[in-house]
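*Asks:* sequence? don't have it. structure:
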DNA sequence: ACTCAAGTGGGGAAGAGTGGGGAGAAGTGG
DNA sequence: CCACTTCTCCCCACTCTTCCCCACTTGAGT
């Protein structure tokens, strides 16, 4: 099996300087440098370098001649940041990413297998409510569980 | 892994003398000398020398017999400039390029993988609005991320 | 109860971005 | 050919942000 296996749910805070402390359990796996980018469903994805390289490789195969592709690449990459945590294990989340995910003071940090996700507290709680109800239904539609 | 990997979105200003300060994060990768050219979608492309060479290689493979190709090459290359930043990391954007991209005082500078793009603030914000809505759709169709 | 690690807050130095003055080069007219 | 104007570029100075480090708090483990 390749890659990381992040699990868990952590409630942390985005401080006045725009920093978030990553859960200690994730730090070693993440390494000293990683990428934060816009994710699906209005949250942020945190990629370890190896995962990110794979994404970049894929992007590079897209022809520049298609307008949709150009725009997608633009949007996706301009919304990404290379992040290095400080000695306390915190990273600064740029304004544009905070806006995208609607982050306020309280944020959830989720381990989701190969990646980590950062959610606004309220947004995640609401999403989670919906998921609890559908959980068993979803399980069936996701093949082979 | 080959090539540059620019990411991020920066809001800078075009001053009265036509200069733009490049984001500090991009400077090292760009090197002391690089190319600014007309880009697709009314923005400017900035390439480090190595990436520019690759673009040139690609252009050379285009058959000269196609009129569209000749025009494209002509237009693209005639608008290109070699730029050297001053000690503060700023470059002068020639008038013709400023006109092309419709640059006013406020500009966005985007990291888009192998190149950097310079956009007029309003133009990019408008473009971005449209993209946010399509993001999840494009993500699946383009890259399967 | 004590110790240690994790998370949080904040002060201060260093660096990045911006504006503008002035010397030198280039272009123009006499 | 020279004098004048204009534009470019180099450098200095100010401000604001970023990042680096120190210190407090809380909670878990021994």
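*Replies:* Thanks, I have it. If you're wondering where the values come from, they're calculated on a predicted model, not measured in any experiment.
*Asks:* neighbours around the residue lying closest to residue A:40 once chain neighbours are set aside, how many?
*Replies:* Spatial nearest neighbour of residue A:40, excluding adjacent residues (Cβ to Cβ, 6 or more residues apart in numbering or on different chains): residue B:136 at 5.3 Å. For the C-beta atoms, the positions are set from N, CA and C on the backbone; glycine is no exception. Look at residue B:136: counted by other Cβ atoms under 10 Å in any protein chain shown, it has 14 neighbours.
*Asks:* Return the distance of residue B:136 relative to DNA strand D.
*Replies:* Going from residue B:136 to DNA strand D by Cβ to the nearest atom of the strand, to the nearest Å gives 28 Å.
*Asks:* buried set for the host helix or strand of that residue?
*Replies:* According to DSSP states H and E, residue B:136 maps onto helix B:121-138. Residues of helix B:121-138 classed as buried: B:121, B:123-124, B:127-128, B:131, B:135, B:138 (neighbour count, 16 or more other Cβ atoms under 10 Å in any protein chain shown).
*Asks:* From the rest of the structure, what touches that helix?
*Replies:* With contact meaning Cβ atoms under 8 Å, 6 or more residues apart in numbering or on different chains, helix B:121-138 is reached by A:38, A:40-41, A:68, A:71-72, A:74-76, A:100, B:11, B:41-43, B:101-102, B:104, B:106-108, B:110, B:119.
*Asks:* Buried among these? Need that as a selection in PyMOL.
*Replies:* Of those, the buried ones can be selected in PyMOL as follows, counting by 16+ other Cβ under 10 Å:
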select buried, (chain A and resi 38+71+72+74+75+76+100) or (chain B and resi 43+101+107+108+110+119)
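*Asks:* Show me where chain A has its helices.
*Replies:* Ranges of helices in chain A, per DSSP state H, are A:24-30, A:49-60, A:67-78, A:95-101, A:121-141.
*Asks:* Residue ranges in chain A under the pLDDT threshold?
*Replies:* A:1-2, A:143-145 (pLDDT under 70).
*Asks:* ok, now which ones touch the residue in it positioned nearest to DNA strand D?
*Replies:* Closest to DNA strand D within chain A is residue A:92: 4.4 Å, counting by Cβ to the nearest atom of the strand. Residue A:92 makes contacts with A:17-19, A:83, as judged by Cβ under 8 Å, 6+ apart.
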